[in-house]
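# when you get a sec, could you give me coordinates for this:
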Amino acid sequence: MPHALADSQAALNALRGPVRLRTLTGIRWLAVGGQTAAILGVHFGLGFATPLGLALGVIAASAWLNLFTVLRFSPQRFLSDHEAAAYIAFDIIQLSALLALTGGLFNPFSALIIAPVTIAASFLPLRLTMVIGSLALASISLLALYHMPLPWRPGEALALAPTYTAGVWAALSFSVMFFAAYAHRIAAESQQMRSALAATQLVLGREEKLSALGGLAAAAHELGTPLATIQLTAKEMLREVPEDSDLYEDAALLVSQAERCRDILGRLSRRGDSGDAMHDRIEVVALLREAAAPFIDMPDGPEIRIETNSMDGAPEPILRRRPEIIFGLRNFVENAAGFAHSEVVMTAEWSADELSIAINDDGPGFTPEILARLGEPYVSARAGNRPLIGHKDGMGLGFFIAKTLLEGAGAEIAFHNRQWGQKPKQTGASVSARWPIEAVSAGPFA
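The predicted structure is shown next:
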């Protein structure tokens, strides 16, 4: 698990990675085109006098910076967080300058100042997002106080009440804060989900490789004994048979082919990319024991009991050995063992149509707050836990990974608290997984 957690943290950093220069320059070119069309449309189309030279100069500054960055850097270049923040800060200052020349907050396009802040909140860290948001709020406040008149008909001036200006200021300020918080929250949850799924894939890949190695080890062990017997017998024959006998060449061929078989088995064991037909089949009880193996007889750990029951008299099913099922159940057992006071009970019940596995502990149970969010990534706690040495990751990924793996294997997962023992107020946590029997059964052995 420690290596998996390190890999998952690396995946988190990669998935939260910076934005490409091409993305921000593309957005800026759209802004330059829109600003130019708006200024020219108001000045020439509507006939409202605007400070055309100054306005086009401000737009040209944005276009010039875009040209400089495109010519100086590769469009595929990833910007650091601080570079991206500076890039967006310039856009806010440029837009604010253009608005100051064209009516300030009276300009209907003043709402566009929300856009750079929302973009920043979608990929920048919270600290830099707050810096960008503060710059936008400062710009809105300055625009409310200092700006040129709104372009209007010649000889007329549009005068709006101070109360209206205050209302626009408040609306824009609250909009900046709301959209920034909303975009940052959605982006953060999306990044957490992607990183958690990446960690799940890393863990599953490692478990599949270990399972394949286990299958090869079993096959090599089973083949090794008869192969050694054949080789020993062939060598005895080689010593007993005269060299001029026809059987001598046959015995020598047996020895060489036995050696070749041992070499092939060695290469297969080193490669580790295939399974074994017998190893890939497992009984329910054996599955539970394998999932709980790291925590059975653990020093200072709880007792782990396994109980089975056939609900309709059906025989114990033979399952396909699937690494995601074993690892998912093991994660649930680890959590139960970390919180149990003295006992963890693994219960398997089956019928002709269904298999259900429940993991129950006599610990404090799930709190209502945790129970409502359990199974989401980075949700990690029950009060009063007793951490397992070398197993407690603190990232809150365990339940999410286990739930994702088991659901991918066709299970329905449920979390709840259940009564433990005879005391009505004594409850413990319970996690159950339920499969249709055809989803996990290995079927008859061919």
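# which neighbouring elements make contact with the longest strand anywhere in the chain?
The longest strand of the chain (DSSP state E) is strand 427-436. Counting contacts by 3 or more Cβ pairs under 8 Å, 6 or more residues apart in numbering; DSSP states H and E, strand 427-436 packs against helix 323-339, strand 354-361, strand 412-419. The C-beta positions use only the backbone N, C-alpha and C, and glycine is treated the same way.
# give me the element residue 348 is part of.
If you go by DSSP states H and E, residue 348 is part of strand 343-350.
# could you check the angle that strand makes with strand 427-436?
20 degrees (axes from the mean of the first three to the mean of the last three Cα atoms, to 10 degrees).
# strand 343-350 pairs with which strands, parallel or anti?
Its sheet considered, strand 343-350 pairs with strand 303-310 (parallel), strand 354-361 (antiparallel) by DSSP bridges.
# could I get the average pLDDT for the next helix or strand after the first one?
Right, the one you point to is strand 303-310. Later in the chain than strand 303-310, the nearest helix or strand by DSSP H and E is strand 318-320. For strand 318-320, the mean pLDDT works out to 88.
# so how far is strand 318-320 off the chain centroid?
29 Å (Cα atoms, centre = their mean, to the nearest Å).
# which other helices and strands does it contact?
Contacts defined by 3+ Cβ pairs under 8 Å, 6+ apart place strand 318-320 against strand 281-283.
# what comes up buried for the strand it packs on?
For strand 281-283, burial by neighbour count (16 or more other Cβ atoms under 10 Å) applies to 281-282.
# now the helix or strand following it: buried residues?
The helix or strand immediately downstream of strand 281-283 is helix 284-292, counting by DSSP H and E. The neighbour-count criterion (16+ other Cβ under 10 Å) identifies 284, 287-288, 290-292 as the buried residues of helix 284-292.
# now distance to residue 368 and pLDDT too, for the residues you listed, in JSON lines please.
Listed next are the buried residues of helix 284-292 as JSON lines, based on distance: Cβ to Cβ, whole Å; pLDDT from 0 to 100:
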{"residue": "284", "distance to residue 368": "33", "pLDDT": "91"}
{"residue": "287", "distance to residue 368": "32", "pLDDT": "90"}
{"residue": "288", "distance to residue 368": "29", "pLDDT": "92"}
{"residue": "290", "distance to residue 368": "33", "pLDDT": "88"}
{"residue": "291", "distance to residue 368": "28", "pLDDT": "89"}
{"residue": "292", "distance to residue 368": "28", "pLDDT": "90"}
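# domain assignment for the protein?
2-201, 208-271, 281-440 (automatic domain parsing).
# compare those domains and say which comes out lowest on pLDDT.
domain 208-271 has the lowest average pLDDT among the domains of the chain, namely a mean of 68.
# sec struct for residue 149, please.
Classification of residue 149 by DSSP: H, G, I helix; E, B strand; the rest coil places it in coil.
# what's the burial count for it?
Using other Cβ atoms under 10 Å, residue 149 has 13 other residues around it.
# got phi/psi on it?
Phi and psi for residue 149, reported as degrees, to the nearest 10, are phi -60, psi 150.
# tell me where this protein has helices.
Applying DSSP state H to the chain gives helices spanning 2-15, 21-40, 52-72, 81-101, 114-123, 126-145, 162-240, 246-271, 284-292, 323-339, 368-373, 398-408, 437-440.
# for residue 302, find the nearest of those helices.
Smallest distance to residue 302 across the helices of the chain (Cβ to Cβ): 5.7 Å, for helix 323-339.
# got the angle for the closest one vs strand 427-436?
Note on geometry: by the same axes, to 10 degrees, helix 323-339 and strand 427-436 are set 170 degrees apart in direction.
# next one: helix 323-339 to chain centre, how far?
Mean-position distance between helix 323-339 and its chain equals 19 Å (Cα atoms, centre = their mean).
# so what does it touch, helix or strand wise?
helix 162-240, helix 284-292, strand 343-350, strand 354-361, helix 398-408, strand 427-436.
# burial check on residue 36, number of neighbours?
16.
# typo on my end, residue 123
Neighbours around residue 123, by other Cβ under 10 Å: 20.
# likewise for the one 4 residues further on?
The burial metric for residue 127, expressed as a neighbour count using other Cβ under 10 Å, is 9.
# can you give the contact residues for the strand holding residue 348?
284-285, 288, 291-292, 295, 302-311, 314, 316-317, 333, 336-337, 355-362, 437 (Cβ atoms under 8 Å, 6 or more residues apart in numbering).
# if we go to 6 Å?
Defining contact as Cβ atoms under 6 Å, 6 or more residues apart in numbering, one finds that strand 343-350 is touched by 284, 288, 302-309, 311, 317, 336-337, 356-362.
# what subset of these is buried?
284, 288, 302, 304, 306, 317, 336-337, 356-362.
# on that earlier part again, out of the helices and strands packed on strand 427-436, nearest to residue 142?
Residue 142 lies closest, by Cβ to Cβ, to one member of the helices and strands packed on strand 427-436: strand 412-419, at 52.2 Å.
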